[in-house]
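Student: Please find the sequence and the predicted model below.
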Amino acid sequence: MRRAAKVDDNQAAIVDAFRKLGASVQHLHAVGDGCPDLLVGFRKVDALVEVKDGDKMPSKRALTPDQHDFFETWKGRRPFIAHGVGDVPRILRAMDNITECEDACAKQQPKDVQ
């Protein structure tokens, strides 16, 4: 039987910081099997975010074997890791850069021939 999913002590503060900066957040920590803790949406880009408590010793914030396997086998964008509220703006800037790149690529696509 699977144990209840553990939630890092700083997860609520990280979620609050994402939301205050305009992101949508869906909790995924109960999914298990190494799935990251959060699904974050910002400016039409979605990202998976694994929360680690930056106040804990490095050995206590390492990826579990299941998380490592998930990161290695996931076919989408690599999940971000948030160790604290200070990582939230960095993650959102990276997500915003993805939006800019996708917008630039879309402008370069040839228009359909009619």
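Tutor: Noted; the coordinates are in hand. Numbers count the residues shown, from 1 in each chain.

Student: From here on, just use CA atoms for contacts and neighbour counts.
Tutor: Will do.

Student: Who are the packing partners of the strand of greatest length in the chain?
Tutor: Ranked by residue count and defined by DSSP state E, the top strand of the chain is strand 45-51. Packed against strand 45-51 by the contact rule (3 or more Cα pairs under 8 Å, 6 or more residues apart in numbering; DSSP states H and E) you find strand 38-42, strand 80-82, helix 87-108.

Student: For the residue positioned nearest the centre of the chain, give the beta-bridge partners.
Tutor: The residue lying closest to the centre of the chain (Cα atoms, centre = their mean) is Val49, at 2.1 Å. Applying DSSP bridges to Val49 yields these beta-bridge partners: Leu38, Phe80.

Student: Need the pLDDT of Ala5.
Tutor: pLDDT, Ala5: 68.

Student: what residues does the longest strand of the chain touch?
Tutor: With contact meaning Cα atoms under 8 Å, 6 or more residues apart in numbering, strand 45-51 is reached by 8, 10-11, 36-41, 77-84, 95-96, 98-99.

Student: Kindly report the same for stretch 64-84.
Tutor: Contacts for stretch 64-84 (Cα under 8 Å, 6+ apart): 10, 14, 33-36, 47-54, 88, 91.

Student: Determine which two of those residues are furthest apart.
Tutor: For the contacts of stretch 64-84, the maximum inter-member distance is 24.2 Å, found between Asp33 and Val88 (Cα to Cα).

Student: ok, the two, which is more surrounded?
Tutor: Val88 (22 against 12; other Cα atoms under 10 Å).

Student: from what I can see that one touches Ile14, true?
Tutor: Yes - here Val88 reaches Ile14: they are 7.0 Å apart, a contact under Cα atoms under 8 Å.
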